[in-house]
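K.L.:
Here's a sequence, model it:
(chains A, B, C, D, E and F)
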Protein chains: 4
Amino acid sequence: MPTPTWDRLPTERRDAIVAAAEAEFASRGFSRGSLNVIAREAGVAKGSLFQYFDDKLDLFAHLSDLASIRIGAAMAKHNAPLPWAEDYWGALTDSLLAWIGHFRDHPVDLALTAAVNLELDTEVRVAVREVVNRHYLRGLQQLIDSGVETGAVRADADHGAFLAQLVLVMPHLALAANMPGLDPVLDLHEDPDAAVARVVAVWRAAFGTWADGVTRPVRRPSA
Amino acid sequence: MPTPTWDRLPTERRDAIVAAAEAEFASRGFSRGSLNVIAREAGVAKGSLFQYFDDKLDLFAHLSDLASIRIGAAMAKHNAPLPWAEDYWGALTDSLLAWIGHFRDHPVDLALTAAVNLELDTEVRVAVREVVNRHYLRGLQQLIDSGVETGAVRADADHGAFLAQLVLVMPHLALAANMPGLDPVLDLHEDPDAAVARVVAVWRAAFGTWADGVTRPVRRPSA
Amino acid sequence: MPTPTWDRLPTERRDAIVAAAEAEFASRGFSRGSLNVIAREAGVAKGSLFQYFDDKLDLFAHLSDLASIRIGAAMAKHNAPLPWAEDYWGALTDSLLAWIGHFRDHPVDLALTAAVNLELDTEVRVAVREVVNRHYLRGLQQLIDSGVETGAVRADADHGAFLAQLVLVMPHLALAANMPGLDPVLDLHEDPDAAVARVVAVWRAAFGTWADGVTRPVRRPSA
Amino acid sequence: MPTPTWDRLPTERRDAIVAAAEAEFASRGFSRGSLNVIAREAGVAKGSLFQYFDDKLDLFAHLSDLASIRIGAAMAKHNAPLPWAEDYWGALTDSLLAWIGHFRDHPVDLALTAAVNLELDTEVRVAVREVVNRHYLRGLQQLIDSGVETGAVRADADHGAFLAQLVLVMPHLALAANMPGLDPVLDLHEDPDAAVARVVAVWRAAFGTWADGVTRPVRRPSA
DNA sequence: GATGAATGAGGCTTCATTCAT
DNA sequence: CATGAATGAAGCCTCATTCAT
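P.N.:
Here you go, the predicted model:
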């Protein structure tokens, strides 16, 4: 967590540091990103960074926090007007495409998400994910709940498994749709629309009700 | 790719280097793994490594190649006697648990898989994945095909989406089941049996035929 | 020396700074002790420290001064009721054990004494010792004088040499008895009672009168 | 301990590094001595130092080892022709003056001894002392033994206490005689001859036999 | 008189790669 | 073909002190 000093800083100074740090970590990842470079690019003394953040990881976690808030806000804004009640799976498809689009249009968010998800160092990854997942899980859980309420998601489906799929698949969509070499099957990078439609179809089959309202029971494993 | 010199090397020398390199990359990842340490532990001169491999990445890719072959062989051996024809989804569940078990019992394979999947540097990741995916995709495709043949997997299901799910989920299973802090929903690390059962249930619902043989059509998206 | 500003400070503020500084220097020594930490722990601004003290050394010297006064008072109180007249060497032994005990029970005094005695920087050490020795020498000289008056210390012994032994040995006792690895012979850390008895026996032999009152002349060196 | 690489080094390179390191640590002590400076002055790359020594402490310990060997050899050479059998205490006085002289004439040895004895960091001090004390203790013990054999030291004296005095006093003599501000009583820095004579007189009184051969028993404390 | 943000030199250590032997 | 010493840039982080507010 940033120090109180950070919060008292003039906005321009904070912005300069955040911009420099985002650029650096986005292009080089956490482990290889350099505080030297960040300080130089931000036009501040190297030591100043340590007045604002405990250490490198603390700075990185803060950036990730900012990014996840930014992404969450953008998605909330996009999702609000979607016709979840009338066409849940269509709205979900639309939302996922917007999700992909956000990362296409905000390379910094993409790169930070990549950096978080791909960071090798377990300590780093766990520390940052803890912060980030807190934001995401709540929103995704609400999304599932609303599907249940409107009848699009079967009440007796395994909602936890659905949530797990979302948590697992969404970062993959964001990364693989915008970076080459990550998806060898769905061709996300070339044709995201088709790929997303196929993914949603899977979920609909597994967790959705029939169009005619007939629910198809899927028993949870008795194990 | 290793140089011709590498291939002409006495077996013990090669083995010593491979063992040392696996141990090092397994415990410290690619970026932080040290050639110094590898050379020391293998009992060879630092310079020699550069006679066998172009650079650090070349060595790492070779190890990943070896590991994927090893893993593939182990899984093939385990899968052979499973009752795919009689109980496809049960066999799949069994296979996935064995998959998780393999990585639990072979920390080196786990760590290398982690290193590959978590490596940030795009160049590194793409280079290594290209090699690795070649092995995996073939095996997984066969697994799906056999499901179709035996009638467990619907002929009109989106087999590509199934393959994508496998490719995406299996590394996640391997890592999240054996490292803490990676799975915030399914609790893979604590109760892998239940988690796997839930995942397979999803696939069965999406891609499987009914127990009574009635297939439930899932139209591919018209998009 | 503290500035006049320091003397005008509210007592609680002074106490907070002294406490924080003692804790810091005690645990990290002079060279490695950090003014940053002291200011933070004391709840004062970093800059304020420089309003009260010229620099780091000035602050440290002040603490040492306080500690030596504190130690001197404690020892004076302990020494007062001892039977110097009846059993000088027994009283001295008792006093030295109390001396060791004081440092065992007051880690801050121990650490400050260590910091003073072990500080490499000549400038620092000389500056601090000058202040500290003033207190000690007077007390130790009185102790010798009283021995002479009561006849326990020979009048013709080399009292300066006795004083030098005390000055040299007492810090050693305090440190070596309470820190491992400083005394390779007497085993002060393990069995202080025995070690002190042996040291006092040496002094008694060198500077004391016989039990039967016969003094054994030790001529000062004619050099 | 230096690495094997260090031992294989050309003599001039080793000498350059040792000279630079001695000069640096001698003038600034261990904690404040800088490897940067040492490398620059020695004309070697900073990284090379880490091919020869594990870390800063390892280098410092090696220098201390060299110095203690050097000092030990010098003293052994000086002590050999002294008339220990005829005039033990005179010889001891002479030896101690030579000891002081050695450090006066070899400022590097003086400074290293100071650095070892005054290093605040317990870990450092203990590590280095372990190496150094090994050399000294043996020599000093022999010196006492020879005194016992020739009858100058009483057989029933507390030889351990004598050894402890030597171990404690000799570094003090070396330092205090050659650095101002360390000895507030004996005036070692101004008149070492007199000071040494007084110290030896103390020991003679405590541990020596009478000139006329009458031994004066000093019972070890019954405790 | 108090504050605390800014400084920036300097600290130790790591490491992939080269190249003379 | 093997060796291993040398490199030197780059890494993160610490800290006493200053000075504008």
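
K.L.:
okay, CA-based contacts and neighbour counts for the rest of this
P.N.:
OK.

K.L.:
Now the residue minimising distance to the centre of chain A. Nearest residue, chain neighbours left out?
P.N.:
Nearest residue to the geometric centre of chain A (Cα atoms, centre = their mean): residue A:171, 5.5 Å. Spatial nearest neighbour of residue A:171, excluding adjacent residues (Cα to Cα, 6 or more residues apart in numbering or on different chains): residue A:113 at 7.5 Å.

K.L.:
And for the one you found, the neighbour number?
P.N.:
If you count neighbours by other Cα atoms under 10 Å in any protein chain shown, residue A:113 ends up with 23.

K.L.:
Kindly report the same for residue A:107.
P.N.:
If we define neighbours as other Cα under 10 Å, then residue A:107 has 16 of them.

K.L.:
Name the nearest residue to it, ignoring sequence neighbours.
P.N.:
What sits nearest to residue A:107 in space, not counting adjacent residues and going by Cα to Cα, 6+ apart, is residue A:26, at 7.9 Å.

K.L.:
Surely residue A:189 touches residue A:175?
P.N.:
No - assessed by Cα atoms under 8 Å, residue A:189 is found out of contact with residue A:175, at 9.1 Å.

K.L.:
Those two - which one has more neighbours?
P.N.:
More crowded of residue A:189 and residue A:175, by other Cα under 10 Å: residue A:175, with 24 against 20.

K.L.:
Quick check: that one is in a strand.
P.N.:
No - when DSSP: H, G, I helix; E, B strand; the rest coil is applied, residue A:175 is found to be helix, with no strand at that position.

K.L.:
Give me the distance between it and residue A:197.
P.N.:
Plainly put, residue A:175 is 17 Å away from residue A:197 if you go by Cα to Cα, to the nearest Å.

K.L.:
next one: residue A:66
P.N.:
Residue A:66 is 30 Å from residue A:197, by Cα to Cα.

K.L.:
which one of these two has more residues nearby?
P.N.:
residue A:197 (22 against 15).

K.L.:
right, and that one touches residue A:93 too?
P.N.:
Yes - the criterion here is Cα under 8 Å, and residue A:197 meets it with residue A:93 at 6.4 Å.

K.L.:
And the helices in chain A?
P.N.:
Counting by DSSP state H, the segments of chain A that form helices are A:4-8, A:11-32, A:35-42, A:46-52, A:56-79, A:88-105, A:107-118, A:122-149, A:159-178, A:192-207.

K.L.:
Least confident of those helices, on average?
P.N.:
With a mean of 72, helix A:107-118 has the lowest mean pLDDT of the helices of chain A.

K.L.:
Just checking stretch A:19-31 against DNA strand E, any contact.
P.N.:
No - Stretch A:19-31 lies out of reach of DNA strand E by Cα under 7 Å from any atom of the strand, never closer than 12.0 Å.

K.L.:
Enumerate the residues of chain A near DNA strand E.
P.N.:
A:4, A:5, A:8, A:9, A:13, A:44, A:45, A:46, A:47, A:48, A:51.

K.L.:
what do you get if the cut-off is 10 Å, keeping everything else the same?
P.N.:
Neighbours of DNA strand E within chain A, by Cα under 10 Å from any atom of the strand: A:3-14, A:36, A:39-40, A:42-52.

K.L.:
Now which of the residues you listed would you call buried?
P.N.:
Buried by 16 or more other Cα atoms under 10 Å in any protein chain shown: A:6, A:14, A:39, A:42, A:49, A:50, A:52, out of the residues of chain A next to DNA strand E.

K.L.:
for residue A:158, phi and psi?
P.N.:
Phi and psi for residue A:158, reported as degrees, to the nearest 10, are phi -80, psi 90.

K.L.:
Would you confirm that it contacts residue A:207?
P.N.:
Yes - counting by Cα under 8 Å, residue A:158 touches residue A:207, with 7.3 Å between them.

K.L.:
neighbour-wise, which of these two wins?
P.N.:
residue A:207 (28 against 20).

K.L.:
so how far is residue A:163 from that one?
P.N.:
11 Å.

K.L.:
ditto for residue A:141
P.N.:
Remark: distance between residue A:141 and residue A:163 (Cα to Cα) = 7 Å.

K.L.:
Between those two, which has more neighbouring residues?
P.N.:
The residue with more neighbours, out of residue A:141 and residue A:163, is residue A:163; 19 against 16, by other Cα under 10 Å.

K.L.:
Do I have it right that the residue nearest to residue A:107 meets residue A:108?
P.N.:
Yes - judged on Cα under 8 Å, residue A:26 makes contact with residue A:108 at a distance of 5.8 Å.

K.L.:
which residues does residue A:67 contact?
P.N.:
A:109, A:112 (Cα atoms under 8 Å, 6 or more residues apart in numbering or on different chains).

K.L.:
what do you get if the cut-off is 10 Å, keeping everything else the same?
P.N.:
A:22, A:61, A:73, A:108, A:109, A:110, A:112, A:113, A:132 (Cα atoms under 10 Å, 6 or more residues apart in numbering or on different chains).

K.L.:
ok, of the residues you listed, which come out buried?
P.N.:
A:22, A:61, A:108, A:109, A:110, A:112, A:113, A:132.

K.L.:
of all these, which comes closest to residue C:32?
P.N.:
When the buried ones among the contacts of residue A:67 are ranked by distance to residue C:32 (Cα to Cα), residue A:61 comes first, at 29.7 Å.

K.L.:
if I look at residue A:26 and residue A:108, which residues touch both of them?
P.N.:
Both residue A:26 and residue A:108 are in contact with residue A:114, where contact means Cα under 10 Å, 6+ apart.

K.L.:
next one: phi and psi at residue A:185?
P.N.:
phi -120, psi -50.
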